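Q: below are the sequence and a predicted model for it; my questions follow.
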Amino acid sequence: MSSDKKAQRVIALAPMPPEKSAYALARYSRSPDSIEESLAWVHSHSSEKFWEQFYFAYGHGSIADLGHVTICFENISELAAIRLEDEPLWDGQAKSSRYQNFEASGCFLPASIQDPETEGTYNGILNSLFTVYRELTGPIQQFLSDRDPRPETMSEAQYQRTIAARAFDVTRYLLPLAAKTNVGQVVSIRTLEKQIARLLSAQLPELKSIGEDLKEACAKKPSSIWAELEQPDPAPGEPLAPTLARYAVASPYQSEVYRDLSRAGKRILQNAGLDRPEGWAGRSHPVDLLEPHEPLDELVTTLLYRVAHAPYRCLLELVQQWSEGQKHDLIAVSLQTRGPYDELIKEFRSGYAFIFDILMDIGGWRDMHRHRRCQQIQQNFTTLHGYDVPPVLNEAGLDKMYCQAMDAVRQDIEKLRNTSQEGALYAIPFGFKVRCLFKMDYAEAEYMSQLRSGVKGHWSYRTIAWLMKEKIVERYPYLGSLIQATPPDIEDTLTR
């Protein structure tokens with residue numbers, strides 16, 4: 001027997017154009033060549049032809065997971081950022097409203113708002129929110145400084161940053177979904193293609209515009225700022241993902257499916273009296289852990305939940321009264337425009353043991369939305385569920401100013417809705433509540449409860465994380481006892 005004379009190696013590769021990187025690694029897995037030999041071969045062959053044949057023609061999707069891109073989105077609305085990030089296999093971060101003053105960022109103005117009266121109403125709402133945002137910042141910082149003096153172990157600069165951040169924890173409740181932000185992401189080419197298709201298929205014009213800009217950015221040479229900092233006059237780079245940019249298109253299925261579900265769901269909800277808050281009065285809770293139920297009932301209820309504002313439990317009780325045919329009919333609505341290559345929409349991702357129906361403020365939910373090891377089905381933003389009042393405002397005696405502003409804004413948003421549904425959506429502040437379904441396994445439930453309940457976190461999601469643990473303790477006492485969560489009444493303002 002002859003021994004293997006090849007020495008073990010681990011090779012780190014310098015960054016490459018994403019499409020060529022994926023091509024090289026795909027060939028590497030399909031040949032006996034070393035990586036150097038594979039790279040040399042790919043360098044002399046057309047990666048464009050390879051992508052056209054194997055990815056777009058033959059559907060070898062795993063190839064696209066081998067090339068990654070770094071892309072930044074600047075001056076987009078918070079609403080667009082939320083939708084941009086709504087990918088299961090996504091890595092990125094947005095500008096944090098917990099650590100920065102957003103007043104200088106400005107707000108997005110929907111192009112659909114053209115008449116002066118509607119634009120005046122829209123800008124009036126945003127201006128009133130930022131006025132209170134600005135006027136509350138100083139008094140909150142003063143209250144926190146008086147309540148929690150600087151310890152000797154903390155520098156003055158660190159203390160001031162911490163107090164400012166804790167103040168933003170409060171004032172961010174006044175930020176509208178129109179507030180502009182930045183997002184940076186690192187994603188595979190496959191995720192990027194799905195993201196472009198989803199954005200181009202969106203009903204919201206801003207998202208379609210971002211999708212078009214994203215597609216254009218893939219066709220162009222990327223920013224070379226790092227190379228210029230490293231070396232003056234670097235060699236010009238190659239386009240980011242030119243083949244992807246040519247083939248990524250809108251999906252008719254994604255463009256139509258939620259409209260179809262909304263039309264069908266509207267009739268169902270109206271007939272059941274679940275189209276308005278009176279229909280679920282007294283049955284809405286911050287956290288509800290659902291009992292295990294039939295997969296068919298879960299799927300149908302989730303489809304209905306997506307286009308409703310009612311709690312999942314109320315919808316489930318309705319669905320469980322239906323015949324098999326009625327359940328099949330709603331599923332058929334969600335499939336009627338699906339093509340042979342369209343993936344099922346995420347509402348079909350059913351079968352998780354832990355299903356939480358969560359109602360919380362948009363700002364706190366924005367942080368919970370970052371969790372990827374679970375399925376999230378979010379209902380549309382609305383003012384129907386009311387708003388949360390940060391506890392610090394009550395302690396500082398500043399709650400009246402905040403509540404007056406939020407009450408006035410809610411009335412103005414309803415007035416704006418008569419002339420601009422789109423404008424009314426963008427004007428909703430972070431303090432208003434949103435309902436979202438979180439489906440997960442036990443490991444993710446344990447992780448979220450432990451991580452998000454820690455003293456470094458925001459009180460909103462700390463409360464939700466603690467209630468998740470309590471619900472698990474009620475249902476599965478031993479499993480719940482294993483979760484090392486921190487009660488929300490244990491606080492440390494100066495820990496970040």
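A: Arrived safely, thanks for sending.
Q: CA only for contacts and neighbour counts going forward, please
A: Noted.
Q: the lengthiest helix in the chain packs against which elements?
A: The longest helix of the chain (DSSP state H) is helix 116-147. With contacts defined as 3 or more C-alpha pairs under 8 Å, 6 or more residues apart in numbering; DSSP states H and E, the packing partners of helix 116-147 are helix 156-171, helix 391-396, helix 399-417.
Q: buried ones in the longest one?
A: Along helix 399-417, these residues count as buried under the neighbour rule (16 or more other C-alpha atoms under 10 Å): 399, 402, 405-406, 409-410, 412-413, 415-416.
Q: make a markdown table out of those and add distance to residue 362 and pLDDT.
A: Output for the buried residues of helix 399-417, formatted as a markdown table (distance: C-alpha to C-alpha, whole Å; pLDDT from 0 to 100):
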| residue | distance to residue 362 | pLDDT |
| --- | --- | --- |
| 399 | 19 | 96 |
| 402 | 16 | 97 |
| 405 | 17 | 96 |
| 406 | 14 | 97 |
| 409 | 16 | 97 |
| 410 | 15 | 97 |
| 412 | 19 | 97 |
| 413 | 16 | 97 |
| 415 | 21 | 95 |
| 416 | 20 | 96 |
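Q: tell me the buried residues in stretch 232-246?
A: Within stretch 232-246, the residues that count as buried by 16+ other C-alpha under 10 Å are 239-245.
Q: low pLDDT regions in the protein?
A: Scanning the chain for pLDDT under 70 picks out the ranges 1-5, 51, 54-61, 496.
Q: that one: strands as residue ranges?
A: With strands called from DSSP state E, the chain shows them at 68-77, 91-94, 180-188, 287-289, 354-361, 375-378, 433-440.
Q: dump the residue contacts of the closest residue to residue 383 other than its chain neighbours.
A: Excluding the flanking residues, the one nearest residue 383 by C-alpha to C-alpha, 6 or more residues apart in numbering is residue 432, at 6.1 Å. Residue 432 makes contact with 173, 360-362, 382-383, 385-388, according to C-alpha atoms under 8 Å, 6 or more residues apart in numbering.
Q: of these, just the buried ones, ChimeraX syntax please.
A: A single ChimeraX command is used to select the members of the contacts of residue 432 judged buried by 16+ other C-alpha under 10 Å:
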select :173,360,361,362,382,383,385,387,388
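Q: want to try CSV for the contacts of residue 432, with distance to residue 375 as columns?
A: Output for the contacts of residue 432, formatted as CSV (distance: C-alpha to C-alpha, whole Å):
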residue, distance to residue 375
173, 25
360, 17
361, 19
362, 18
382, 21
383, 24
385, 22
386, 25
387, 25
388, 25
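Q: neighbours of residue 115, how many?
A: Residue 115 has 9 neighbours, counted by other C-alpha atoms under 10 Å.
Q: and it, how close does it get to residue 109?
A: Going from residue 115 to residue 109 by C-alpha to C-alpha, to the nearest Å gives 12 Å.
Q: and what of residue 94?
A: Using C-alpha to C-alpha, one gets 20 Å for the distance from residue 94 to residue 109.
Q: residues contacting the closest residue to residue 65 other than its chain neighbours?
A: Among residues not flanking residue 65 along the chain, residue 188 sits closest, at 5.1 Å (C-alpha to C-alpha, 6+ apart). Taking C-alpha under 8 Å, 6+ apart, we find residue 188 in contact with 64-69.
Q: can you pull up the bridge partners for residue 188?
A: residue 68 (DSSP bridges).
Q: neighbours around the residue lying closest to residue 88 once chain neighbours are set aside, how many?
A: Nearest residue to residue 88, sequence neighbours excluded (C-alpha to C-alpha, 6+ apart): residue 372, at 5.6 Å. Other residues within reach of residue 372, judged by other C-alpha under 10 Å, total 16.
Q: measure the nearest residue to residue 402 once chain neighbours are set aside to residue 438 for me?
A: Nearest residue to residue 402 in three dimensions, chain neighbours excluded: residue 132, at 7.2 Å (C-alpha to C-alpha, 6+ apart). In this structure, residue 132 and residue 438 are 33 Å apart, going by C-alpha to C-alpha.
Q: more crowded one of those two?
A: Comparing residue 132 with residue 438 by other C-alpha under 10 Å, the one with more neighbours is residue 438, at 21 against 16.
Q: hang on, that one packs against residue 353?
A: No: between residue 438 and residue 353 there is no contact, the gap being 10.8 Å when judged by C-alpha atoms under 8 Å.
Q: list the buried residues for stretch 193-206?
A: By neighbour count on 16+ other C-alpha under 10 Å, the buried set for stretch 193-206 is 193-202, 205-206.
Q: kindly report the same for stretch 469-483.
A: Neighbour counts over stretch 469-483 (16+ other C-alpha under 10 Å) mark 469-473, 480, 483 as buried.
Q: tell me how far the ends of that stretch are from each other?
A: First residue to last in stretch 469-483 (C-alpha to C-alpha) measures 7 Å.
Q: how far does that stretch sit from the chain's center?
A: 27 Å (C-alpha atoms, centre = their mean, to the nearest Å).
Q: could you do stretch 32-39 as well?
A: The answer for stretch 32-39 is 39 Å, by C-alpha atoms, centre = their mean.
Q: which positions in that stretch come out as buried?
A: By 16+ other C-alpha under 10 Å, the buried positions in stretch 32-39 come out as 35, 38-39.
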